[in-house]
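Enquirer: Got a predicted structure here, sequence first:
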Amino acid sequence: NAGVTQTPKFRVLKTGQSMTLLCAQDMNHEYMYWYRQDPGMGLRLIHYSVGEGTTAKGEVPDGYNVSRLKKQNFLLGLESAAPSQTSVYFCASSPVRGVGETQYFGPGTRLLVL
Amino acid sequence: GDSVTQMEGPVTLSEEAFLTINCTYTATGYPSLFWYVQYPGEGLQLLLKATKADDKGSNKGFEATYRKETTSFHLEKGSVQVSDSAVYFCALSDRGAQKLVFGQGTRLTINP
């Protein structure tokens, strides 16, 4: 049982390049999330999904797109990377909505945009 | 909107010292409250949680009590260890939204 995994672990991009971050979970969770972590700002929600085929915007969605074609996978895309997108990206998942449900986090992807 | 404010870090303590990390929140309704911990090079993991007023969450010697009257959820541990060195995040989850709102994190370093 791997939990939440993220690919890749680290990536360097040039401004304007595109890439996709992959998140996979094997816990059969309905909800999945993408966050970015920046120094002194905690984690901020980019996009989330409440089930296969559905996505919604979070707090900082600009410059990112997501897709949830399979229940176990949640992809985060950067179409044209900018230096402001240099960050550590975390994926998380949780079971169906409930009071006080825990989110389970992946190990993170460190992205550097030059 | 909902928000979480944590005490400024970094915090440096000696082993066996008493730890308090302050957390206050602003929210409409009655959120659930969480403490997550991030060890070096890893993702976040749940440390403890409380889902209603006056509940106490506890785990690994850490405790936090949901205080509705002071809108606080302070993290405490009576005797810290070097292995507790990590970044600690306070967070809330609005009952309707199923989304977490995080504080900025507090980096804790414990010296032997």
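Expert: Now that the structure is in, tell me what you want to look at.
Enquirer: residues making contact with the helix or strand bottoming out on mean pLDDT in chain B?
Expert: When the helices and strands of chain B are scored by mean pLDDT, DSSP states H and E, strand B:100-102 comes last with a mean of 89. With contact meaning Cβ atoms under 8 Å, 6 or more residues apart in numbering or on different chains, strand B:100-102 is reached by A:33, A:42-45, A:103, B:1-4, B:34, B:36, B:89-94. Glycine gets a C-beta too; all of them are placed from N, C-alpha and C.
Enquirer: switch to 7 Å and redo it
Expert: Contacts to strand B:100-102, defined as Cβ atoms under 7 Å, 6 or more residues apart in numbering or on different chains, come from residues A:42-43, A:103, B:2-4, B:89, B:91-93.
Enquirer: Quick one: buried ones out of the residues you listed?
Expert: Buried by 16 or more other Cβ atoms under 10 Å in any protein chain shown: A:42-43, A:103, B:2, B:4, B:89, B:91-93, out of the contacts of strand B:100-102.
Enquirer: from these, which is closest to A:Val4?
Expert: Nearest to A:Val4 among the buried ones among the contacts of strand B:100-102, counting by Cβ to Cβ, is A:Gln103 at 9.3 Å.
Enquirer: For A:Ser93, see how far away that closest one is.
Expert: A:Gln103 sits 7 Å away from A:Ser93, going by Cβ to Cβ, to the nearest Å.
Enquirer: now B:Trp35
Expert: In terms of Cβ to Cβ, B:Trp35 sits 19 Å off from A:Ser93.
Enquirer: Next to chain B, which bits of chain A? Give me the list.
Expert: Contact residues, chain A versus chain B (Cβ under 7 Å from any Cβ of the partner chain): A:31, A:40-43, A:45, A:48, A:90, A:97, A:99-103, A:105-108.
Enquirer: PyMOL command for the buried members of these?
Expert: Selecting only the buried members of the residues of chain A next to chain B in PyMOL, with burial defined as 16+ other Cβ under 10 Å, works like this:
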select buried, chain A and resi 31+42+43+45+48+90+100+101+102+103+105+106+107+108
